[in-house]
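> Any chance you can model this:
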Amino acid sequence: MPRRTATMLASTLLLIALICAGVLIKVPYSEMSPGPTVNTLGDHGGEPVLQISGRKTYETSGHLNMTTVRVTSAEFNMNVVQAMAGWLGHDNIVVPHETLYPDGKTEEQSTQENAEEFSQSQESAKVAALKELDIPVKTRVVVASVVKDSPSQGRLHAGDVIKSVDGKAIKQPQDVVKAVTGHKPGQRVEFTVIPAKEAAAAEKAGKEPTGSEKVSVTTQAAEDDGRAFVGIQAGTDHTFPFDIDIKLADVGGPSAGLMFALGIVDKLTPEDLTGGKFVAGTGTIDEAGKVGPIGGISMKTVGARAKGAKYFLTPEDNCATAAKDVPDGLTLVKVKTIDDARDSLDDIAAGRTGDLPGCSTS
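Below is the predicted model:
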């Protein structure tokens with residue numbers, strides 16, 4: 001066999017071997033890529049994303065798109081070839097598997113956690129939007145969950161409204177923690193609560209819940225620090241003066257909070273927030289209207305621009321990362337609060353783009 005032919009054959013066989021190895025060898029990585037982006041002012045799956053009843057709403061135009069990131073499943077086993085393709089690609093990011101699924105978290109656990117965060121983000125968005133419009137929202141402290149086999153199991157229940165602890169009125173969840181941990185393990189704590197069923201019935205009837213009862217729970221020592229605990233997670237529950245439903249399936253996590261809040265504000269005010277412009281964005285939001293950072297910002301800007309967005313509302317803490325690789329034709333707008341976002345939307349609608357607070361890599 002001629003030397004040239006033998007060399008080519010050997011090179012071909014080596015290449016085939018390398019490709020086979022690349023396909024067969026698994027690496028502990030996962031992939032993130034741009035996910036769907038949905039206009040909170042529009043329809044999705046055949047119905048409006050934001051549905052408001054019992055209050056006058058107004059016509060809207062333009063877009064206030066929430067953005068998402070698509071990730072590979074917990075069971076996905078990436079091979080070397082796929083990892084190399086992801087590293088070399090522009091629109092995808094390859095990250096260590098444990099970044100997305102820490103401590104061996106399963107797909108089911110991750111989905112459940114994301115669903116809970118998404119639900120909480122909707123509540124926070126509603127509260128932030130109504131507070132922004134000076135619409136009163138009634139808030140109460142409740143038992144959010146009860147730990148299995150804890151002192152509270154069978155005595156306190158999820159949904160119970162906590163009025164006081166040891167006679168001291170409860171205004172926020174932190175008050176419950178302070179009251180309980182002020183005891184020594186083995187001491188009893190007296191809760192004054194309105195049972196969940198009575199509270200739910202009163203809310204359905206549009207009335208203030210009454211009929212409180214006292215419940216005593218004996219504390220135990222926590223395994224980690226020895227402090228007294230009773231085994232409940234306190235949280236907040238809100239009563240809104242009218243119905244606000246957010247209809248968006250197959251989405252998880254808290255990062256759509258800002259865009260949901262802005263969508264609600266837009267529908268409840270006669271002014272057109274966007275002026276017909278295509279605005280997308282991301283960011284968590286708390287009940288006070290503060291915007292927080294999220295993950296996968298570069299994937300979200302890519303996905304938003306691909307759908308036609310011209311402006312992207314970017315949490316302040318994500319600005320430096322987002323500014324490193326901005327899609328052509330997309331303007332990043334830095335936001336810290338819902339007030340910031342509304343001010344910037346006013347400028348966008350009026351064409352005052354030179355006044356927008358931008359993002360920089362520093």
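
> so where's this structure uncertain?
For the chain, the stretches with pLDDT under 70 are 1-30, 73-76, 78-91, 93-95, 97-101, 104-105, 107.

> try it again with 50
Low-confidence segments of the chain, defined by pLDDT under 50: 18, 22-23.

> what residue is smack in the middle of it?
residue 254 (0.2 Å; CA atoms, centre = their mean).

> how about the CA coordinates for stretch 126-144, as PDB?
Taking Å, rounded to 0.1, in the frame of the first residue of the first chain, the C-alpha atoms of stretch 126-144 are listed here in PDB:
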ATOM      1  CA  LYS A 126     -49.500  41.800  42.100                       C
ATOM      2  CA  VAL A 127     -48.700  43.400  45.400                       C
ATOM      3  CA  ALA A 128     -45.900  45.600  43.900                       C
ATOM      4  CA  ALA A 129     -48.200  46.700  41.000                       C
ATOM      5  CA  LEU A 130     -51.100  47.700  43.300                       C
ATOM      6  CA  LYS A 131     -48.800  49.500  45.700                       C
ATOM      7  CA  GLU A 132     -47.300  51.300  42.800                       C
ATOM      8  CA  LEU A 133     -50.800  52.500  41.900                       C
ATOM      9  CA  ASP A 134     -51.700  53.300  45.600                       C
ATOM     10  CA  ILE A 135     -54.400  50.600  45.600                       C
ATOM     11  CA  PRO A 136     -54.600  49.100  49.200                       C
ATOM     12  CA  VAL A 137     -53.800  45.500  49.600                       C
ATOM     13  CA  LYS A 138     -54.600  43.600  52.900                       C
ATOM     14  CA  THR A 139     -51.700  41.500  54.100                       C
ATOM     15  CA  ARG A 140     -51.700  39.000  56.900                       C
ATOM     16  CA  VAL A 141     -49.200  36.600  58.400                       C
ATOM     17  CA  VAL A 142     -50.100  32.900  57.900                       C
ATOM     18  CA  VAL A 143     -48.600  29.400  58.500                       C
ATOM     19  CA  ALA A 144     -47.100  28.800  55.100                       C
END
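
> What is the distance between it and the centre of its chain?
When C-alpha coordinates are averaged (CA atoms, centre = their mean, to the nearest Å), stretch 126-144 and its chain have centres 18 Å apart.

> Please point out which parts of that stretch sit buried.
Using 16 or more other CB atoms under 10 Å as the test for burial, stretch 126-144 gives 126-132, 140-144. Bear in mind the C-beta positions are built from the backbone N, C-alpha and C, glycine included.

> Same question for stretch 184-197.
The neighbour-count check on stretch 184-197 (16+ other CB under 10 Å) flags 189, 191-196 as buried.

> Next, format the residues you listed as CSV and append secondary structure and distance to residue 148.
Below are these laid out as CSV (DSSP: H, G, I helix; E, B strand; the rest coil; distance: CB to CB, whole Å):
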residue, secondary structure, distance to residue 148
189, strand, 19
191, strand, 19
192, strand, 24
193, strand, 20
194, strand, 23
195, coil, 20
196, helix, 17
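
> from the buried residues of stretch 126-144, which ones fall inside helices?
Counting by DSSP state H, the part of the buried residues of stretch 126-144 found in helices is 126-132.

> could you say what helices and strands whichever strand or helix holds residue 262 packs with?
Using DSSP states H and E, residue 262 maps to helix 257-268. Helix 257-268 sits against strand 50-53, strand 63-71, helix 107-132, strand 278-281, strand 284-285, strand 311-315, helix 338-350, with contacts defined as 3 or more CB pairs under 8 Å, 6 or more residues apart in numbering; DSSP states H and E.

> got the ones in helices among the buried residues of stretch 126-144 as a markdown table, with distance to residue 54 columns?
Shown next, in a markdown table, are these (distance: CB to CB, whole Å):
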| residue | distance to residue 54 |
| --- | --- |
| 126 | 13 |
| 127 | 17 |
| 128 | 19 |
| 129 | 15 |
| 130 | 13 |
| 131 | 18 |
| 132 | 19 |
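
> which stretches of the stretch 151-300 of the chain form strands?
Along the stretch 151-300 of the chain, counting by DSSP state E, counting those that start in this stretch, strands occupy 161-165, 168-169, 188-194, 213-218, 220-221, 228-229, 232-239, 243-246, 278-281, 284-285, 291-292.

> Put together CSV for those strands, with distance to residue 355 on each row.
Output for the strands of the stretch 151-300 of the chain, formatted as CSV (distance: least, CB to CB, whole Å):
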stretch, distance to residue 355
strand 161-165, 46
strand 168-169, 46
strand 188-194, 49
strand 213-218, 56
strand 220-221, 57
strand 228-229, 51
strand 232-239, 35
strand 243-246, 31
strand 278-281, 15
strand 284-285, 23
strand 291-292, 19
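
> Could you point out which of those strands sits nearest residue 149?
The closest of the strands of the stretch 151-300 of the chain to residue 149 is strand 220-221. By CB to CB, the value is 10.4 Å.

> Find out how far the longest strand seen in the chain is from the centre of the chain, if you would.
The single longest strand within the chain, with elements called by DSSP state E, is strand 29-39. Relative to the centre of its chain, strand 29-39 is centred 14 Å away, using CA atoms, centre = their mean.

> got the CA positions of that strand in CSV?
Extracted as CSV, the C-alpha positions of strand 29-39 are listed here (Å, rounded to 0.1, in the frame of the first residue of the first chain):
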residue,chain,number,x,y,z
TYR,A,29,-22.1,19.5,32.2
SER,A,30,-25.5,20.9,31.2
GLU,A,31,-26.6,23.4,28.6
MET,A,32,-28.5,26.7,28.8
SER,A,33,-30.1,28.3,25.8
PRO,A,34,-32.7,31.0,25.0
GLY,A,35,-36.2,30.0,26.0
PRO,A,36,-39.6,31.3,25.0
THR,A,37,-40.5,34.9,25.5
VAL,A,38,-44.1,35.9,26.1
ASN,A,39,-45.9,39.3,25.9
